[in-house]
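1. Build me a structure from this.
(one chain, ligands or ions: 1)
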Amino acid sequence: MTFLTHVECTVCGQRHDGKRLLTVCERCGQMLAARYDLARVAAHVTKALLRERPPGLYRFRELTPLDPGEEPVTLGEGGTPLLALPRLAGHLGLRHVWAKDEGGNPTGTFKARGLGMAITRARTLGATGFMVPSAGNAGGAAAVYGARAGLPVAVVVPRGTPTAAIAEALIAGARVFTVEGSIATAGAIVSKAAPRLGWFDLSTLKEPYRLEGKKTIGLELAEQLQWSMPDVLIYPTGGGTGLIGIAKAYEELRAMGWLDGALPRFIAVQAEGCAPVVRAWREGAPTTAAWERPTTLAAGLRVPSPFAGRQMLSVLRETRGDALAVSDAAIVAAQRLLARLEG
Ligand SMILES: *Cc1c(COP(=O)(O)O)cnc(C)c1O
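-> Numbering: from 1, shown residues only. Below is the predicted model:
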């Protein structure tokens, strides 16, 4: 059984058929999101039933867009630990701090969740090859899941992308193209080349199903905190899949009656050298504007003009959240502090 009812534009509300290979809203060009019959999901699944299932991305199958019997393209992503960090909490003067440690995913980052789901759905709906612009980890994950699906992948990365991510994509058989500029330049190239080649464009949030994979972080967080939400949720924000996806998970579980109360305050953290969300938030702007000359050690955060800026800002507004920029020196110092206090 599938509980997906349709795919909806997050801006104009236009409904689209979830059984078609979709990219962005066909009416206004904005970001699409999957919608479910949540009352039927709630009537069909129980928390006890969930406990009997193995961990991983498809534990919450009813809240994924998969068709009945659809075989996922999977390498065992998801099901990562939520670690209590008592020594760090003490150091910061807080009662509780947890980290969702996403490093155990098949490609070493949470990109595995989104790309696994997007490639699963796109293959089912007829895609025969994939292209993705990437700051590194998304390209690696696309290459690996493309290989798993038996379909070709091309990755376009800006110069300066970490060699480990390029190696990951090359070893998995993808073609990797390096371009001058940032991920924005890479994205412009992919949006021109992909339709000509007939390959599917997996750019961040320019198709509706990567979000559904990323959303599973929020579903897991809810279960790991015994069906409650934290007060504050801090997220390293680049393209926005995590911020928007975790909020979507909480909202769906709330509509099912599995969570109560207000969502946590979402805090988007960006690097000082590339902080379009922080700037737009401070200015009270409705969407983000392109950040000139993005530079940061945190390659995953080097996203100067995110497609879903508007949707990220609305998560921050709706959860009474905030957006903060930190220096690369502060990122490195925090890595050391975390490693020394908690391993
Ligand atoms: C992609 C990425 C991010 C940004 O995540 P979004 O959900 O796209 O905002 C942050 N950190 C790492 C390591 C990443 O690979």
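
2. Okay, the residue nearest to Thr124 when sequence neighbours are not counted and the ligand: tell me how far apart.
-> Distances taken as CB to CB, 6 or more residues apart in numbering put Glu70 closest to Thr124, at 5.6 Å, once the chain neighbours are dropped. In short, each C-beta sits where N, CA and C put it, glycine included. Going from Glu70 to the ligand by CB to the nearest ligand atom, to the nearest Å gives 25 Å.

3. quick one, phi psi at Glu70?
-> For Glu70, the backbone dihedrals are phi -70, psi 130 (criterion: degrees, to the nearest 10).

4. what's near enough to touch the closest residue to the ligand within the stretch 1-150 of the chain?
-> The ligand sits closest to Asn137 of the stretch 1-150 of the chain, with a gap of 3.5 Å, by CB to the nearest ligand atom. Residues in contact with Asn137 (CB atoms under 8 Å, 6 or more residues apart in numbering) are 107-109, 111, 165, 299-300.

5. Make a markdown table out of these and add distance to Ala188.
-> Formatted as a markdown table, the contacts of Asn137 follow (distance: CB to CB, whole Å):
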| residue | distance to Ala188 |
| --- | --- |
| Thr107 | 25 |
| Gly108 | 28 |
| Thr109 | 24 |
| Lys111 | 21 |
| Ala165 | 20 |
| Ala299 | 19 |
| Gly300 | 20 |
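
6. what about the residue nearest to Thr124, neighbour count?
-> Glu70 has 15 neighbouring residues, counting by other CB atoms under 10 Å.

7. surely it meets Ala122?
-> No: here Glu70 lies out of contact with Ala122, judged by CB atoms under 8 Å, at a distance of 12.0 Å.

8. in this structure, which spans are helices?
-> Ranges of helices in the chain, per DSSP state H, are 38-44, 47-51, 86-92, 111-124, 137-149, 163-171, 183-197, 210-214, 216-224, 241-255, 276-283, 309-318, 328-342.

9. Can you list the helices and strands that the third one packs against?
-> When contacts are defined as 3 or more CB pairs under 8 Å, 6 or more residues apart in numbering; DSSP states H and E, helix 86-92 packs onto helix 328-342.

10. Tell me which other helices or strands the helix it packs on touches.
-> Applying 3+ CB pairs under 8 Å, 6+ apart, one finds that helix 328-342 makes contact with helix 86-92.

11. and with 10 Å instead?
-> Helix 328-342 sits against helix 86-92, strand 265-271, with contacts defined as 3 or more CB pairs under 10 Å, 6 or more residues apart in numbering; DSSP states H and E.

12. Would you indicate which residues of the first one are buried?
-> Residues of helix 86-92 classed as buried by neighbour count (16 or more other CB atoms under 10 Å): 88-89.

13. oh, and call the first residue 48 from now on, that's how I've got it
-> I'll keep to 48 as the first residue from here, and by that count the last item is helix 133-139.

14. What lies in contact with that helix?
-> Helix 133-139 has contacts (CB atoms under 10 Å, 6 or more residues apart in numbering) with 132, 141-146, 381, 384-385, 387-390.

15. can you list the residues of the protein near the ligand?
-> When proximity is defined by CB under 6 Å from any ligand atom, the chain lies next to the ligand at 156, 158, 184, 251, 283-289, 347-348.

16. So the residue of the stretch 248-390 of the chain found nearest the ligand versus Asn184, what's the distance?
-> Taking CB to the nearest ligand atom, the ligand has its nearest neighbour within the stretch 248-390 of the chain at Gly347, 2.7 Å off. As judged by CB to CB, to the nearest Å, Gly347 and Asn184 stand 6 Å apart.

17. ok, now Ser275?
-> Going from Ser275 to Asn184 by CB to CB gives 30 Å.

18. go on, Arg134?
-> 28 Å.

19. swap in Lys239?
-> From Lys239 over to Asn184 the distance is 23 Å, taken as CB to CB.

20. these two touch, right, Leu104 and Gly126?
-> Yes: counting by CB atoms under 10 Å, Leu104 touches Gly126, with 7.8 Å between them.

21. Tell me how many other residues crowd the closest residue to Pro180 other than its chain neighbours.
-> Distances taken as CB to CB, 6+ apart place Ala233 nearest to Pro180, at 3.5 Å, with adjacent residues excluded. Look at Ala233: counted by other CB under 10 Å, it has 26 neighbours.

22. Over to Gly193?
-> Close neighbours of Gly193, defined as other CB under 10 Å, add up to 28.

23. How about the contacts made by it?
-> Gly193 neighbours (CB under 10 Å, 6+ apart): 120, 162, 166, 169-170, 174, 176-177, 179, 199-202, 216, 219-221, 249.

24. Mind giving me the PyMOL command for buried ones among these?
-> Entered in PyMOL, the line below selects the buried ones among these, by 16+ other CB under 10 Å:
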select buried, resi 120+162+166+169+170+174+177+179+199+200+201+202+216+219+221+249
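
25. Among the contacts of Gly193, which are located in strands?
-> Counting by DSSP state E, these place 177, 179, 200-202 in strands.

26. Closest to Leu300 out of these?
-> Distance to Leu300 across these (CB to CB) is lowest for Val179, with 29.4 Å.

27. Quick one: residues contacting the residue nearest to Glu149 when sequence neighbours are not counted.
-> Nearest residue to Glu149, sequence neighbours excluded (CB to CB, 6+ apart): Phe157, at 4.1 Å. Neighbouring residues of Phe157 by CB under 10 Å, 6+ apart: 124-125, 127, 147, 149-150, 184, 188, 260-261, 263-264, 288-289, 292, 347.
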